[in-house]
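Novice: this one's sequence-less:
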């Protein structure tokens, strides 16, 4: 099954969903009562019986009827397709009079049993998927009780997802649009289909849903990281974290060798995650420095005026005239500790490394702030002196829940594709190289006009495209990316496409129009890497693969550019080189 989240139609807010409904408040009330009565260890070990102690009858009524609501114009029969492998059916199905039928629905991955109930015309309400975060969420179809009635469904809440038609080939999860129905009973064929995202299963996640962060915040600023909000020659953004009680933040900065500090106040946002038991709220600060001098060394510290300051860190702006530089590239870091060792090796072998690009799956679960705490801990030694150049992966927007926490963590250029949230896609020129960061978890086709404009207008010697899903790989297939973006890579001669996702090392021969060509001057080289170790997935490498390796250790790639000469090395944390390439122009 090929997986591509082409269009994500839902997003979660930092503390609660933007389209939060009545069940959200009920769940937060249950969490509050549990926190008041149970120890942290008891909450971490909470099972169904434990949770049930804190669910009132009123809670049960709301959770069983106000999670998913809509209005039908005629008397209807509502069918709920529940994944057969879910250990327990949602409690409200039997309590509210749904009956289990002999019908069955399938897609390419899952089989669903069908529960049905008749409703009069009017408002209809359904309940939560369960307290256990079963990832395969139920979906719904609505048909007439009386033959000949035309069913119209209106007023759907949440209103994010449009109604479709129940039939073979229909998509049911918007975060997995190419997972389509393969078996639909004739009794349900043609009915109104109500679709969803898999991420909704997390909204009531209480059984196994509590966590502790290994890196709680304090009054001492930490998680310091640099990014570029604009031109790398003249700007830098500084991000850091402190406890939620820290109300104000600022950056003090100066050119290296100067004795006079300049202050820039920071903006901040409170990030809340009530499932984190030991640090449910923190404050994330961002300060943007502009008007900097190209090719200049600066030093800075972050903190609170009149309070605690960090130690002094340093950075250097990009040179005004293109010169030699190196950069590191990682993918699929998944908030694992391997990242720290890889970045240490990158600095040891390439002390002139200007930045580190990361092509997605930065963390395991993009809506878990404790995952970001771990990632920041592993990268802070590098990122406090060299900017990060991140892109989104499917785990960062997991199950259709969106990229809001990712966007809160990084301050990035706002020059990306119109129609996407700012900073999800962007372009940066460093030295004589263009780096175009694309969001393959969002609308692929919508980014094409912007991508073409950026590539057409760039005068850079070297062009890189960075995104998560690989258009040419050993065991995945992304035809929409090949159709929408790869012709532009051919037309404007993108030298390298950097991807991840497939968890192995791969380098293609130069490719143009889907075929291997004779030299890098004629086509694009597609690279895949993984920072968490490689898994075996294939028997025979495809013809387009120049290098394909598995299994293997966590890796990073280092690129060194000197004018019209480029050298690439794939390296592990010990310094062993697993692949290398030199290209000249």
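Specialist: Received the coordinates, thanks. Because the structure is predicted, anything quoted here is derived from the model rather than measured. Numbering: from 1, shown residues only.
Novice: tell me the domain boundaries of this structure?
Specialist: The record's domain split for the chain, according to automatic domain parsing, is 22-202, 322-584.
Novice: Quick one: end-to-end distance for the shortest one.
Specialist: Right, the one you point to is domain 22-202. 15 Å (CA to CA, to the nearest Å).
Novice: Check the average confidence over it, would you?
Specialist: The average pLDDT within domain 22-202 is 96.
Novice: now the domains of the chain in CSV, with mean neighbour count and distance to residue 247?
Specialist: Placement of C-beta: from N, CA and C, glycine included. Shown next, in CSV, are the domains of the chain (neighbours: other CB atoms under 10 Å; distance: least, CB to CB, whole Å):
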stretch, mean neighbour count, distance to residue 247
domain 22-202, 17, 24
domain 322-584, 20, 18
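Novice: Out of those, which gets nearest to residue 240?
Specialist: Minimum separation from residue 240 across those (CB to CB) falls at domain 322-584, 8.7 Å.
Novice: Quick one: end-to-end distance for the closest one.
Specialist: Domain 322-584 has its terminal residues 16 Å apart, counting by CA to CA.
Novice: avg pLDDT for it?
Specialist: On average, domain 322-584 scores 95.
Novice: Kindly report the same for stretch 215-225.
Specialist: Stretch 215-225 comes out with an average pLDDT of 97.
Novice: which non-adjacent residue is nearest the residue nearest the centre of the chain?
Specialist: The residue lying closest to the centre of the chain (CA atoms, centre = their mean) is residue 396, at 1.8 Å. Nearest non-adjacent residue to residue 396, counting by CB to CB, 6 or more residues apart in numbering: residue 366, 3.9 Å away.
Novice: which residues touch the helix or strand hosting residue 102?
Specialist: Assigning secondary structure by DSSP states H and E places residue 102 in strand 99-107. Residues outside strand 99-107 that contact it (CB atoms under 8 Å, 6 or more residues apart in numbering): 79, 81, 111-117, 172, 179-185, 187-188.
Novice: one step back: quick one: contacts for the residue nearest to residue 396?
Specialist: By CB under 8 Å, 6+ apart, the contact set of residue 366 is 395, 396, 397, 398, 401, 403, 405, 406.
Novice: Pick the one among those closest to residue 75.
Specialist: Nearest to residue 75, judged by CB to CB, of the contacts of residue 366 is residue 401 at 34.9 Å.
Novice: Quick one: residues contacting residue 264.
Specialist: Residues in contact with residue 264 (CB under 8 Å, 6+ apart) are 250, 251, 253, 287, 288, 289.
Novice: Could you single out the nearest of those residues to residue 446?
Specialist: Distance ranking of the contacts of residue 264 against residue 446, using CB to CB, places residue 288 first at 27.4 Å.
Novice: shouldn't the closest one be in contact with residue 228?
Specialist: No: applying CB atoms under 8 Å, one finds residue 288 not in contact with residue 228, separated by 9.9 Å.
Novice: and residue 233, how many neighbours does it have?
Specialist: For residue 233, the count of nearby residues is 19 (other CB atoms under 10 Å).
Novice: Would you enumerate the residues in contact with the residue lying closest to it once chain neighbours are set aside?
Specialist: Excluding the flanking residues, the one nearest residue 233 by CB to CB, 6+ apart is residue 294, at 4.0 Å. Counting by CB under 8 Å, 6+ apart, residue 294 touches 233, 234, 317, 318, 319, 320.
Novice: could you dump these to JSON lines with distance to residue 335 and secondary structure?
Specialist: Listed next are those as JSON lines, based on distance: CB to CB, whole Å; DSSP: H, G, I helix; E, B strand; the rest coil:
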{"residue": "233", "distance to residue 335": "31", "secondary structure": "coil"}
{"residue": "234", "distance to residue 335": "32", "secondary structure": "coil"}
{"residue": "317", "distance to residue 335": "29", "secondary structure": "coil"}
{"residue": "318", "distance to residue 335": "28", "secondary structure": "coil"}
{"residue": "319", "distance to residue 335": "33", "secondary structure": "coil"}
{"residue": "320", "distance to residue 335": "36", "secondary structure": "coil"}
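Novice: filter those to the buried ones?
Specialist: Using 16 or more other CB atoms under 10 Å as the burial test, the contacts of residue 294 include 233, 234, 317, 318, 319 as buried.
Novice: Among those, give me the pair with the biggest separation.
Specialist: Using CB to CB, the buried ones among the contacts of residue 294 span at most 11.5 Å, a distance reached by 234 and 319.
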